[in-house]
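Engineer: for reference, the sequence and a predicted model appear below.
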Amino acid sequence: MAVANYIMFAVMILFLGMYCVITKKNLIKSAIGISIMVKGASLSFLAAGGATAQVAVVLIIVVDAIVAAVLLSLAVNVYRRTGSLNIDELRKLWG
(Lines give C-alpha, C1' and ligand atoms only; values in the text may rest on other atoms or scores of the structure.)
Protein backbone atom coordinates (compact mmCIF):
# COMPACT_ATOMS: atom_id res chain seq x y z
CA MET A 1 0.00 0.00 0.00
CA ALA A 2 1.13 3.51 -0.69
CA VAL A 3 1.79 6.05 2.03
CA ALA A 4 -1.24 8.04 0.88
CA ASN A 5 -3.52 5.09 1.69
CA TYR A 6 -2.11 4.87 5.21
CA ILE A 7 -2.55 8.60 5.72
CA MET A 8 -6.14 8.40 4.44
CA PHE A 9 -6.87 5.53 6.82
CA ALA A 10 -5.28 7.46 9.71
CA VAL A 11 -7.45 10.50 8.97
CA MET A 12 -10.55 8.29 8.88
CA ILE A 13 -9.64 6.85 12.29
CA LEU A 14 -9.01 10.36 13.61
CA PHE A 15 -12.42 11.56 12.43
CA LEU A 16 -14.09 8.45 13.83
CA GLY A 17 -12.65 9.26 17.25
CA MET A 18 -13.68 12.89 16.91
CA TYR A 19 -17.23 11.83 16.01
CA CYS A 20 -17.31 9.61 19.09
CA VAL A 21 -16.15 12.43 21.37
CA ILE A 22 -18.61 14.96 19.94
CA THR A 23 -21.74 12.81 19.80
CA LYS A 24 -21.53 10.58 22.86
CA LYS A 25 -22.74 11.82 26.25
CA ASN A 26 -21.21 8.93 28.20
CA LEU A 27 -17.85 9.68 29.81
CA ILE A 28 -16.43 6.21 29.08
CA LYS A 29 -17.40 6.42 25.41
CA SER A 30 -15.77 9.83 25.14
CA ALA A 31 -12.59 8.43 26.68
CA ILE A 32 -12.61 5.65 24.10
CA GLY A 33 -13.08 8.26 21.37
CA ILE A 34 -10.03 10.18 22.61
CA SER A 35 -8.02 6.97 22.58
CA ILE A 36 -9.15 6.25 19.00
CA MET A 37 -8.05 9.75 17.96
CA VAL A 38 -4.60 9.13 19.43
CA LYS A 39 -4.33 5.86 17.52
CA GLY A 40 -5.11 7.69 14.27
CA ALA A 41 -2.44 10.28 15.00
CA SER A 42 0.06 7.51 15.78
CA LEU A 43 -0.69 5.79 12.49
CA SER A 44 -0.13 9.03 10.59
CA PHE A 45 3.25 9.48 12.33
CA LEU A 46 4.26 5.96 11.36
CA ALA A 47 3.14 6.39 7.77
CA ALA A 48 4.96 9.69 7.34
CA GLY A 49 8.28 9.00 9.01
CA GLY A 50 10.98 6.46 9.65
CA ALA A 51 12.84 5.47 12.80
CA THR A 52 12.31 8.82 14.51
CA ALA A 53 8.57 8.46 14.05
CA GLN A 54 8.69 5.05 15.72
CA VAL A 55 10.24 6.58 18.82
CA ALA A 56 7.56 9.29 18.81
CA VAL A 57 4.82 6.66 18.53
CA VAL A 58 6.18 4.74 21.53
CA LEU A 59 6.10 7.98 23.52
CA ILE A 60 2.55 8.67 22.30
CA ILE A 61 1.43 5.19 23.39
CA VAL A 62 2.82 5.77 26.89
CA VAL A 63 1.13 9.16 27.15
CA ASP A 64 -2.12 7.66 25.83
CA ALA A 65 -2.05 5.00 28.55
CA ILE A 66 -1.60 7.69 31.20
CA VAL A 67 -4.44 9.78 29.76
CA ALA A 68 -6.73 6.74 29.64
CA ALA A 69 -5.98 5.97 33.29
CA VAL A 70 -6.72 9.56 34.34
CA LEU A 71 -9.96 9.66 32.32
CA LEU A 72 -11.15 6.37 33.77
CA SER A 73 -10.37 7.49 37.32
CA LEU A 74 -12.31 10.69 36.58
CA ALA A 75 -15.22 8.56 35.37
CA VAL A 76 -15.17 6.53 38.59
CA ASN A 77 -15.19 9.69 40.71
CA VAL A 78 -18.02 11.24 38.66
CA TYR A 79 -20.06 8.05 39.03
CA ARG A 80 -19.50 8.02 42.80
CA ARG A 81 -20.61 11.64 43.14
CA THR A 82 -23.53 11.76 40.69
CA GLY A 83 -24.56 8.14 40.14
CA SER A 84 -24.32 8.61 36.37
CA LEU A 85 -21.66 8.74 33.67
CA ASN A 86 -23.50 11.39 31.66
CA ILE A 87 -21.28 14.36 30.80
CA ASP A 88 -24.16 16.74 31.52
CA GLU A 89 -24.14 15.57 35.12
CA LEU A 90 -20.74 17.23 35.59
CA ARG A 91 -22.52 20.56 35.97
CA LYS A 92 -23.76 19.37 39.36
CA LEU A 93 -20.18 19.15 40.56
CA TRP A 94 -19.45 22.82 39.86
CA GLY A 95 -21.32 23.87 42.96
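Structural biologist: Now that the structure is in, tell me what you want to look at.

Engineer: and the longest helix seen in the chain, what does it pack onto?
Structural biologist: Scanning the chain for the longest helix, with DSSP state H as the assignment, gives helix 51-82. The elements that helix 51-82 packs onto, with contact taken as 3 or more CB pairs under 8 Å, 6 or more residues apart in numbering; DSSP states H and E, are helix 27-48. Using the backbone N, CA and C atoms, a C-beta is placed for each residue, glycine as well.

Engineer: for the longest helix of the chain, buried residues please.
Structural biologist: In terms of neighbour count (16 or more other CB atoms under 10 Å), helix 51-82 has its buried residues at A53, V57, I60, D64, L71, A75, V78.

Engineer: do stretch 9-28 as well
Structural biologist: For stretch 9-28, by 16+ other CB under 10 Å, it's A10, I13, L14, G17, C20, V21, L27.

Engineer: hmm, back to that, what about the longest helix of the chain, distance to the chain center?
Structural biologist: 8 Å (CA atoms, centre = their mean, to the nearest Å).

Engineer: output the buried residues of stretch 9-28 as TSV; include the columns secondary structure.
Structural biologist: Output for the buried residues of stretch 9-28, formatted as TSV (DSSP: H, G, I helix; E, B strand; the rest coil):
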residue	secondary structure
A10	helix
I13	helix
L14	helix
G17	helix
C20	helix
V21	helix
L27	helix
